[in-house]
Structure formats: structure tokens, C-alpha cells
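# sequence? don't have it. structure:
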């Protein structure tokens, strides 16, 4: 981690040390990954409440943005897509082999997906981290062992902050990025990750933790 004065983000953050994931104690099993329905699943790291709260203060000043609530902020490790109950339980079982010990990540900078009027999301980036890359690779491998055919793409860890409506002004998007591009979080301790389900509604995607895995 670079030496020097703390960033504005770190000053905003109300913690004295690494931010910790504040989830309930690990259950041995949260139950079946599905209840007889088709389900969209992904593996992810939840953003701790204090860091999410500070990110929330930056979620403004961009007309056309549908800002994601604090409880939806996460770093995706692997996206598995839609599957039936049997396949979902196989993925959930294979993920139990993905652990490799706790580590820390840091959020760094902001950006957008898409260009011009096709820009569809803004995000906070994650500083390069070998341990995170390894965990993401293990989560992907878990899905492949369960028989999923996953899209091949480079892993670009990020936290989606907002989805953008088509009428969002590219100039305002660029100004928002410029105004927040020095974002840098304190270290975030990662000691668990989760398997989440995603349901798309008219209010956006809603996520539910299906199973949780200690590292």
C-alpha cells in the first residue's frame, strides 16, 4: 500500500483499521440453494457496511443514474447464470473447495461500462490483487466442475454503483467520473464470500444470499 497522507475516502471512513465484512456467523448450511425453481446465481464478496455507506455519499450528481442500495454493493467473483435446482446445488457444493485464507482488497478509482449514450453503468474499481484473482479463478472452476459453460472474459473486479438510463448525458457521466476518480478505500478484510441469487424486477436486480463460505 502506498505511503503518504490518507485519501479523502479514507478520512471519510469511520474505521481505524481494515474494514471487516459484518455478516452473521457462518452457518454450516444455509439450506438448499433453490426451492424447486430456476435460479440465477453468482459468487461475490459483500462490501462492508461502513465502506458501503461512504460509497453511498458519492452516489449523487448524475441524472439518469439508478443508484444501487448499500446492501446490493459487491465484488462479483463469478457469474453462473440461470440453472435448475440440481445444478445449483452442485455449484454450491463445489464452491466449498474454493477457500484459500483471508486477505485484503482496496477499492481504487471509478469508471464506466460503455461509451457515449451507450454507457450503461458506473463502478468503483478494485486495486490489482493476486489473491482476489486466485479466488475468482477458483469460483469459476467450481462452476465448470459443476458442468456449467461459462463465458470466457478477462476478470475485471469492480463494484457497480449505478445502472444508467439511455438518456444519461455523456458529459455529465464524464464529469462524475472526473470528480470521483481519486476514490480509494481503506483495506477491506475478506474472510468470506457468498453464493447469491439474482431476481430482476422493475426496480432492478435484487440479491439474496443462498450460501456463505469462510476463507
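Good, I have the coordinates. Since the structure is predicted, the reported quantities are computational estimates derived from the model, not experimental observations. Numbering: from 1, shown residues only.
# which pLDDT value belongs to residue 194?
With respect to pLDDT, residue 194 has a value of 98.
# now the one 10 residues further on
Predicted confidence (pLDDT) for residue 204: 71.
# where is the longest helix in the protein?
helix 130-145 (DSSP state H).
# what comes up buried for it?
132, 135, 136, 138, 139, 140, 141, 142, 143 (16 or more other Cβ atoms under 10 Å). Quick note: C-beta positions are derived from backbone N, CA and C, even for glycine.
# ok, of these, which one's closest to residue 107?
Among the buried residues of helix 130-145, residue 132 lies closest to residue 107 (Cβ to Cβ), at 11.7 Å.
# which residues does the closest one contact?
By Cβ atoms under 8 Å, 6 or more residues apart in numbering, the contact list for residue 132 reads 75, 103, 105, 126, 157, 190.
# can you rerun that using 6 Å?
105, 157 (Cβ atoms under 6 Å, 6 or more residues apart in numbering).
# roughly how far apart are it and residue 83?
25 Å (Cβ to Cβ, to the nearest Å).
# quick one, strands of the protein?
With strands called from DSSP state E, the chain shows them at 19-20, 39-46, 65-67, 74-83, 103-105, 107-113, 121-126, 158-164, 188-190, 192-201, 204-214.
# out of those, nearest to residue 147?
Using Cβ to Cβ, those put strand 74-83 closest to residue 147, at 9.1 Å.
# name every strand pairing with the closest one and say which way it goes.
Here strand 74-83 is paired, per DSSP bridges, with strand 39-46 (antiparallel).
# neighbouring contacts of the strand it pairs with?
Contacts for strand 39-46 (Cβ under 6 Å, 6+ apart): 21, 74-80, 82, 88, 139, 190, 193, 195-198.
# please check those residues and keep the buried ones.
Buried members of the contacts of strand 39-46, counted by 16+ other Cβ under 10 Å: 21, 74-80, 88, 139, 190, 193, 195-198.
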